[in-house]
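S.K.: Please work out how this folds:
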Amino acid sequence: MMRDTSMTAARNLAAAYPEAVKPSKLAHVVIRTPRFEASKAWWSTVLDAQPSYENAQLSFMTYDDEHHRIGIINMPDLRDQDMANAGPEHIAFTYAELGALLATYRRLEAQGIAPFWTINHGPTISMYYRDPDGTKVELQYDVFDVEGVERFFASGAYEENFMGIVFDPEEMIAAYEAGTPLDQITRRPKLPEGMTPWDMHRD
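M.R.: Residues are numbered from 1 along each chain as shown. Have a look, this model is predicted:
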């Protein structure tokens, strides 16, 4: 349904928007790929997304009420990504419940898609994947609300360990299914003796 654009009353932008206006949302991400079919299949599987529009040159995919969340452009002659160059580090998607993230891990694992890094950052439980072009994709669960994250940062925990603690997804699933309280499952442990935050990094 199109928006109603029939109104003809005069408008004053300066009066209506006297201050800087923040975007209402982050709408979508568009990627270029020389691996069009493989990329479409991967993103559709990982996000359980469906095409809202598609032709031989592009695919728009959505998994919710947004007309597209991921755009994929077919560019067969592109060179592979060079991680030595500047650019986006990763793209992240949040799940509303820890169980939903863990169930997604299990679903993807059964289809041969495994994370290369699983880490409890503190504010998030995060699993990092790579798409067919090597683009890093984070699937995460927010441990805290906004106030909780602010308290986490204010506590000095981030200064102590800005990376997080690597975890075993199967151990977390076992704890989850055993009924362990969520705050125990998601509580970030201390760094092991003699280790630095960079010892927790995987690339």
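S.K.: For I185, grab the count of nearby residues.
M.R.: By other Cβ atoms under 10 Å, 19 other residues sit near I185. From N, CA and C alone the C-beta is placed, and that goes for glycine too.
S.K.: Sorry, slip of the keys, the one I care about is E170.
M.R.: Around E170 there are 13 other residues, counting by other Cβ under 10 Å.
S.K.: For it, grab phi and psi.
M.R.: phi -70, psi -40 (degrees, to the nearest 10).
S.K.: what's the distance between it and A154?
M.R.: E170 sits 33 Å away from A154, going by Cβ to Cβ, to the nearest Å.
S.K.: Strands along the protein, start to end?
M.R.: Using DSSP state E, the strands of the chain run over 29-33, 50-54, 58-62, 70-74, 91-95, 117-120, 124-130, 136-142, 165-166.
S.K.: okay, those strands in a markdown table with distance to L101 next?
M.R.: Formatted as a markdown table, the strands of the chain follow (distance: least, Cβ to Cβ, whole Å):
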| stretch | distance to L101 |
| --- | --- |
| strand 29-33 | 19 |
| strand 50-54 | 21 |
| strand 58-62 | 20 |
| strand 70-74 | 19 |
| strand 91-95 | 4 |
| strand 117-120 | 10 |
| strand 124-130 | 7 |
| strand 136-142 | 4 |
| strand 165-166 | 16 |
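S.K.: closest to M200 out of these?
M.R.: strand 165-166 (5.3 Å; Cβ to Cβ).
S.K.: list the helices and strands the closest one packs on?
M.R.: In terms of contacts (3 or more Cβ pairs under 8 Å, 6 or more residues apart in numbering; DSSP states H and E), strand 165-166 is packed against strand 117-120.
S.K.: which residues of the protein score low on pLDDT?
M.R.: In the predicted model of the chain, residues 1-2, 4-7 satisfy pLDDT under 70.
S.K.: State the distance spanning the first to the last residue of stretch 179-188.
M.R.: Distance between the two ends of stretch 179-188: 18 Å, counting by Cα to Cα, to the nearest Å.
S.K.: and it, which residues are buried?
M.R.: By 16 or more other Cβ atoms under 10 Å, the buried positions in stretch 179-188 come out as I185, T186, R188.
S.K.: Which of those sits closest to E160?
M.R.: Distance from E160 was checked for each of those by Cβ to Cβ. The minimum falls on R188, at 10.2 Å.
S.K.: can you pull up the bridge partners for the residue most central in space within the chain?
M.R.: Taking Cα atoms, centre = their mean, the centroid of the chain lies closest to A92, which sits 1.6 Å from it. Using DSSP bridges, the beta-bridge partners of A92 come out as E138.
S.K.: thinking it is in contact with Y141, fair?
M.R.: No. Distance between A92 and Y141: 11.1 Å, which falls outside the contact criterion (Cβ atoms under 8 Å).
S.K.: Great, nothing more from me.
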